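A.B. asks: mind looking at a prediction? Sequence and model below.
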Amino acid sequence: MRYFFHTRSEDGDEDEYDMDGIELPSVEVALSEARKSAREIVAERVLHQERIDHMRFEIADDHGRVLGTVFFREVVNLD
């Protein structure tokens, strides 16, 4: 199945729509990939002193249905 990783922000200023998507075997794998990608984005944004508040990936199918959400703040381990 093809999954699309849309980047969303609370105010909509940083919304980006994934127009290509990626073929993956399951929604669980898609969520895992979204977490990995979110960690990479968070690391880059921290280096540039940019905020991640309220940013998230919405994983959608090819019909536009949102199947899962990964909030960027959830992938940061502060312990």
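C.D. replies: Everything's here; your move.
A.B. asks: centroid residue for the chain?
C.D. replies: F57 (2.4 Å; CA atoms, centre = their mean).
A.B. asks: would that residue count as being in a strand?
C.D. replies: Yes - the assignment for F57 by DSSP: H, G, I helix; E, B strand; the rest coil puts it in a strand.
A.B. asks: for it, give the beta-bridge partners.
C.D. replies: In this entry, F57 is beta-bridged to T7, V70, by DSSP bridges.
A.B. asks: touching, it and R39? I think so.
C.D. replies: No - using CB atoms under 8 Å as the test, F57 is too far from R39 to be in contact (11.2 Å). To be clear about C-beta, it is placed using only N, CA and C from the backbone, and glycine gets the same treatment.
A.B. asks: how about the strands in the chain?
C.D. replies: For the chain, the strands defined by DSSP state E occupy 2-8, 22-23, 56-60, 66-71.
A.B. asks: the first one packs against which elements?
C.D. replies: For strand 2-8, the packing partners by 3 or more CB pairs under 8 Å, 6 or more residues apart in numbering; DSSP states H and E come out as strand 22-23, helix 27-47, strand 56-60.
A.B. asks: switch to 6 Å and redo it
C.D. replies: The helices and strands touching strand 2-8, judged by 3 or more CB pairs under 6 Å, 6 or more residues apart in numbering; DSSP states H and E, are strand 56-60.
A.B. asks: buried residues in the strand it packs on?
C.D. replies: Neighbour counts using 16 or more other CB atoms under 10 Å place 56-60 of strand 56-60 among the buried residues.
A.B. asks: farthest pair within these?
C.D. replies: Spanning the widest gap among those are R56 and A60, at 12.3 Å by CB to CB.
A.B. asks: need the residues touching each of these two.
C.D. replies: Overlap of the contact sets of R56 and A60 (by CB atoms under 6 Å, 6 or more residues apart in numbering) is empty.
A.B. asks: please tell me I have it right and E23 contacts M1.
C.D. replies: No - E23 lies out of contact with M1 (CB atoms under 6 Å); the separation is 7.2 Å.
A.B. asks: quick one: low-confidence ranges for the protein?
C.D. replies: Along the chain, segments meeting pLDDT under 70 span 78-79.
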